[in-house]
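**Q** what follows is a predicted structure for the sequence shown.
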Amino acid sequence: MARRLNPLTHDILLSVALCICLGGCTSGAVTRTGPEPTRPDRPPDRSGEPAMRAPSITDGLSPAGRSLVLQGRDQRTAGQYDQAAASLERAIRIEPSQPAPWLELGRIRLLEGDFPQAEQLGRKARSLAGRDTWIESQSLQLIAAALRGMRRYDETQ
């Protein structure tokens, strides 16, 4: 006949076992070895930068467009949504065929709770992404978040 533990002892033993199991999952800092991942759909940058680099949302933008998108991102991070939207709308007027300003403006609309507008901006960014899988992925994430915000869960998959 098996001996039954009292509930408190059972909970303590379970907690200790869980801590031991999870303790093995944390091994401190993770050090990457090898080169940075690349975006195979982009040709290497010939401006003196290393050919292998992480993706950037500002790839393909003119200096003015890049500056406005980065300014908009900084303003969004600071919670200045109106100023960020104005910067990104200017970037869209300068470079309407680039997906980055559309994507960033969609992120702002999502934060403001304007889910239908965020969805449309995400769809626009995706349509402009071309073969850029990173932008397409970011656009799909924005669209899914907007659909969840509108409680249209069946469309997020």
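**A** Received, thanks. Residues are numbered from 1 along each chain as shown.

**Q** show the model's pLDDT score for P63.
**A** If you check P63, the pLDDT there is 88.

**Q** so how many other residues sit close to it?
**A** 8 (other C-beta atoms under 10 Å). Bear in mind the C-beta positions are built from the backbone N, C-alpha and C, glycine included.

**Q** what's the answer for P96, then?
**A** Neighbours around P96, by other C-beta under 10 Å: 11.

**Q** and it, which of the three is it?
**A** Of the three states, P96 takes coil under DSSP: H, G, I helix; E, B strand; the rest coil.

**Q** any idea how far it lies from A145?
**A** With the distance defined as C-beta to C-beta, to the nearest Å, P96 ends up 24 Å from A145.

**Q** pLDDT weak spots in this structure?
**A** 1-57, 155-157 (pLDDT under 70).

**Q** can you show me the helices along it?
**A** 7-23, 63-77, 81-94, 99-112, 115-128, 133-149 (DSSP state H).

**Q** now for the fourth one, which elements pack on it?
**A** So that's helix 99-112. helix 63-77, helix 81-94, helix 115-128, helix 133-149 (3 or more C-beta pairs under 8 Å, 6 or more residues apart in numbering; DSSP states H and E).

**Q** want to throw those helices into a markdown table with distance to A100?
**A** Output for the helices and strands packed on helix 99-112, formatted as a markdown table (distance: least, C-beta to C-beta, whole Å):
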| stretch | distance to A100 |
| --- | --- |
| helix 63-77 | 5 |
| helix 81-94 | 8 |
| helix 115-128 | 8 |
| helix 133-149 | 7 |
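
**Q** quick check: closest non-adjacent residue to G65.
**A** E95 (4.3 Å; C-beta to C-beta, 6 or more residues apart in numbering).

**Q** what sits against the one you found?
**A** Going by C-beta atoms under 8 Å, 6 or more residues apart in numbering, E95 touches L61, S62, G65, P101.

**Q** if we only consider those, which is nearest to T133?
**A** Nearest to T133 out of the contacts of E95 is L61 (C-beta to C-beta; 17.9 Å).

**Q** quick check: the closest one touching V69?
**A** Yes: L61 is within contact range of V69, at 6.3 Å (criterion: C-beta atoms under 8 Å).

**Q** if you count surrounding residues, which of these two has more?
**A** V69 (28 against 21).

**Q** surely A129 and I135 touch.
**A** Yes: using C-beta under 8 Å, A129 is in contact with I135, at 4.1 Å.

**Q** many thanks, we can stop here.
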